[in-house]
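Colleague: Coordinates only, no sequence provided:
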């Protein structure tokens, strides 16, 4: 089964709608598509004719977004790279992904070093789109001929649990992630989103993919700056923003008790455990905090809370997104289970093979940052287990702290199962 790339379709559907907004320029979807086609023709004419990923080592600005789309339209897989990595770290990732061609910045002295360190690697300074000619024919990515299993991007994990690994994410993965986010967050996915997350990270890249899917503009900042983010939000036309807890803390400190900006409908908060006092401060100021837990391998979100009601004192529970199944393979939860809410009124009946009685299998975590926000896990597709400590962290950490027996939480998205260890 083939999967289309959304940019050509979006450019035809809403050509004059704003796609990317930066302090320097605003591009419509038609303009973004034109630039991407020019870049795609350059990739096809210049890059080695193989199926290896094309590396992208650029600032997270509008040109990064255009080159990402260009490489995809050329029918190639994109490897976005973190500019903050050392030459050695970059060389390792490029070698692991078997990249043969890398686009970088004119002032990046590491390009020459990388060409020497990585066998077969050619490095090129990314040309300005204005000097590139428009192609005469259609690019490979303009058709719907790409197989569901064809990789759109290779994104390296953070490496927090060991050596960073490249996750191959397909068009179908990004499509499933976007549709699931829309199902949970609602119409806000088609409205203006502030992107100040790194675009080499799945959380930042997913904002660009949702934009071409649903037609909402992206206000793009190449890096997070609390004062700049605050000013943009105060404009009142940004409906949603994605942040990590450190960013949210800095934003609240900068605003010094001022209420949440008008127009903000969703503040997606993930990437790390959030301290309970941070959530309390944000919600008290009126920020619509939606805690989320995800991972690179599952193409961003796995469990996300819906937008809270106005004036809510606490965030809503994180629930698995549509198309995502959370399974507890060894259901020894310790003393964190308060109840099982069975579907269809099946009270009094336990799911097969699950012992959900209260039990003390270990001491709860003393570090409040490691205690979980309410998370619902589907067990055998029939029951919901609520983790009831109202302090934020990914559920896996809670389970590891509260049970002596090893636990494995699996996330299944788009028929692909990933074990979180």
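Modeller: Ah, there it is. Model, not experiment: these values are computed from the prediction.
Colleague: all strands for the stretch 101-250 of the chain, in order.
Modeller: Residue ranges of the strands in the stretch 101-250 of the chain, as given by DSSP state E, counting those that start in this stretch, are 101-104, 122-125, 151-156, 166-170, 193-195, 218-220, 240-243.
Colleague: quick one: strands adjacent to the fifth one?
Modeller: Translated: strand 193-195. The pairing partners recorded for strand 193-195 under DSSP bridges are strand 218-220 (parallel), strand 240-243 (parallel).
Colleague: my read: residue 123 touches residue 116, true?
Modeller: No. In this structure residue 123 lies outside contact range of residue 116 using CB atoms under 8 Å: 9.8 Å. Backbone N, C-alpha and C define where each C-beta goes, glycine included.
Colleague: Adding mean neighbour count as columns, could you present the strands paired with strand 193-195 in a markdown table?
Modeller: A markdown table is the format used below for the strands paired with strand 193-195 (neighbours: other CB atoms under 10 Å):
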| stretch | mean neighbour count |
| --- | --- |
| strand 218-220 | 24 |
| strand 240-243 | 25 |
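Colleague: Relative to residue 263, which of the ones you listed is closest?
Modeller: In terms of CB to CB, the element of the strands paired with strand 193-195 nearest to residue 263 is strand 240-243, at 9.7 Å.
Colleague: just to revisit the earlier point, next, format the strands paired with strand 193-195 as a markdown table and append distance to residue 229 and mean pLDDT.
Modeller: Output for these, formatted as a markdown table (distance: least, CB to CB, whole Å; pLDDT from 0 to 100):
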| stretch | distance to residue 229 | mean pLDDT |
| --- | --- | --- |
| strand 218-220 | 10 | 98 |
| strand 240-243 | 7 | 98 |
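Colleague: In TSV: the strands of the stretch 101-250 of the chain, plus distance to residue 31.
Modeller: Output for the strands of the stretch 101-250 of the chain, formatted as TSV (distance: least, CB to CB, whole Å):
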stretch	distance to residue 31
strand 101-104	20
strand 122-125	23
strand 151-156	22
strand 166-170	26
strand 193-195	18
strand 218-220	14
strand 240-243	23
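Colleague: before we move on, the earlier item: which one of residue 123 and residue 116 has more residues nearby?
Modeller: Each of residue 123 and residue 116 has its neighbours counted (other CB atoms under 10 Å); residue 123 has more, 21 against 11.
Colleague: Please tell me how far that one sits from residue 264.
Modeller: 41 Å (CB to CB, to the nearest Å).
Colleague: Over to residue 169?
Modeller: For residue 169, the distance to residue 264 equals 28 Å [CB to CB].
Colleague: between the two, who's got more neighbours?
Modeller: Taking neighbours as other CB under 10 Å, residue 169 and residue 264 compare with residue 169 leading, 27 against 19.
Colleague: Is it correct that the more buried one is in contact with residue 295?
Modeller: No. Between residue 169 and residue 295 there is no contact under CB under 8 Å: 11.4 Å.
Colleague: give me every residue that touches residue 50.
Modeller: By CB atoms under 8 Å, 6 or more residues apart in numbering, the contact list for residue 50 reads residue 100.
Colleague: can you start the count at 741 instead of 1 from here on
Modeller: Sure, I'll start counting at 741 from here, so that last one is residue 790.
Colleague: quick check: mean pLDDT across the host helix or strand of residue 752?
Modeller: Per DSSP states H and E: residue 752 is located in helix 746-753. Mean pLDDT, computed over helix 746-753, is 96.
Colleague: per-residue confidence for the residue nearest the centre of the chain?
Modeller: Among the residues of the chain, the one closest to the centroid is residue 943, at 2.2 Å (CA atoms, centre = their mean). Residue 943 carries a pLDDT score of 94 in this model.
Colleague: what's it in contact with, if anything?
Modeller: Shown in contact with residue 943 (CB under 8 Å, 6+ apart): 937, 982, 1010, 1011, 1034, 1040.
Colleague: Likewise for residue 843?
Modeller: Applying CB under 8 Å, 6+ apart, we find residue 843 in contact with 794, 795, 796, 797, 798, 807, 864, 865, 866.
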